[in-house]
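> Quick one: sequence plus predicted model below, questions after.
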Amino acid sequence: MTDKDQNGTRALRLGVAGPVGTGKSSVIATLCRHLRDEFDLGVITNDIYTDEDARFLKSEGVLPEDRIRAVETGACPHTAIRDDVTMNLMAVEDMERDFAPLDIVLVESGGDNLTATFSPALVDAQLFVLDVAGGGDVARKGGPGIARADLLIINKIDLGEYVDVDVAQMVADAEKARDGAPVLALSRKRPETIDRLCDWVRQLHARHARGDHTPVDPGPMAPHHHAHDDGHGQGHHHHGHDHAHHHD
Ligand SMILES: Nc1nc2c(ncn2[C@@H]2O[C@H](COP(=O)(O)OP(=O)(O)OP(=O)(O)O)[C@@H](O)[C@H]2O)c(=O)[nH]1
């Protein structure tokens, strides 16, 4: 029996992660515009100190404003989607209750890190977004999101020729890094790529509704650094759920 059967309010929870500026908000805006007549949708955004991403999506008019909510994560945005997902889980559950029954809740990470991933306790599936402007090598370098997210998006393929990136090669490298798991080349300027993205989400939703989708944990993020106000980077390690996490 799925959660949805138990309480009638459980949506497909789909995370969207990836480095800053690769197009997470744009992907969410695109999905909302193309799927909102088919599915009941909600969006949760994560930002460190602001609700900027939520404001962007509201200003684009992609959904009614009360279906777009911001979680302000404070110091470490990765923690809020991975190690202690309480704030996000509450936001998702509130949204599902307020608009029951929702079909899909999209959760945007506030990641400033190539290796941030969602906990399977928060989302049922996750997209990881790279863009060609970040360089053709990025896909080859791997990391948990690149290697094991349910779908890897290589975004802004319309920019390939301007940044000297061979998009086909970047996609092939990504497929290799993922052992053949799906990779989608995307541009908001190429409607056929948007159709493919929407079809992927439709199929995922259908599998989820049938109880045929099993959430996969891409694995924890690698050790990483945060720049601090005093200009000194301070490293810390993420080891699952039991680490102390201080920024002072
Ligand atoms: N050329 C081109 N630009 C794009 C495409 N998708 C997004 N962009 C642009 O890329 C920039 C970053 O997009 P966002 O959607 O804000 O990226 P993000 O990952 O949400 O950024 P953060 O929330 O700051 O991490 C914006 O200027 C978008 O207009 C695309 O397919 N092609």
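Received it, and whenever you're ready, just let me know what you need.
> which residues in this structure form helices?
For the chain, helices defined by DSSP state H occupy the ranges 3-7, 24-35, 52-59, 77-82, 86-98, 138-141, 144-148, 167-177, 191-210.
> how close does residue 31 get to the ligand?
Applying C-beta to the nearest ligand atom, to the nearest Å, the value for residue 31 to the ligand is 12 Å. From N, CA and C alone the C-beta is placed, and that goes for glycine too.
> repeat for residue 98
Per C-beta to the nearest ligand atom, residue 98 is found 24 Å from the ligand.
> can you check residue 100 too?
In terms of C-beta to the nearest ligand atom, residue 100 sits 28 Å off from the ligand.
> What of residue 187?
For residue 187, the distance to the ligand - C-beta to the nearest ligand atom - is 4 Å.
> Look up how far the ligand lies from residue 202.
For residue 202, the distance to the ligand - C-beta to the nearest ligand atom - is 20 Å.
> ok, that residue - how many residues close by?
Residue 202 has 13 neighbours, counted by other C-beta atoms under 10 Å.
> Number the chain from 45, please
Got it, first residue is 45 now, which makes that one residue 246.
> list the contacts for it?
Residues in contact with residue 246 (C-beta atoms under 8 Å, 6 or more residues apart in numbering) are 79, 82.
> Give me the pLDDT for it.
Listed pLDDT for residue 246 reads 98.
> quick revisit: please identify the deepest-packed of the helices of the chain.
Comparing the helices of the chain by mean neighbour count (mean count of other C-beta atoms under 10 Å), helix 121-126 ranks first with a mean of 24.
> got the residues of this structure near the ligand?
Contacts of the chain with the ligand, taken as C-beta under 6 Å from any ligand atom, map to 64-70, 97, 199-200, 202-203, 231-233.
> give me that answer again for 5 Å
Within reach of the ligand by C-beta under 5 Å from any ligand atom, the chain has these residues: 64, 65, 66, 67, 68, 69, 70, 97, 200, 203, 231, 232.
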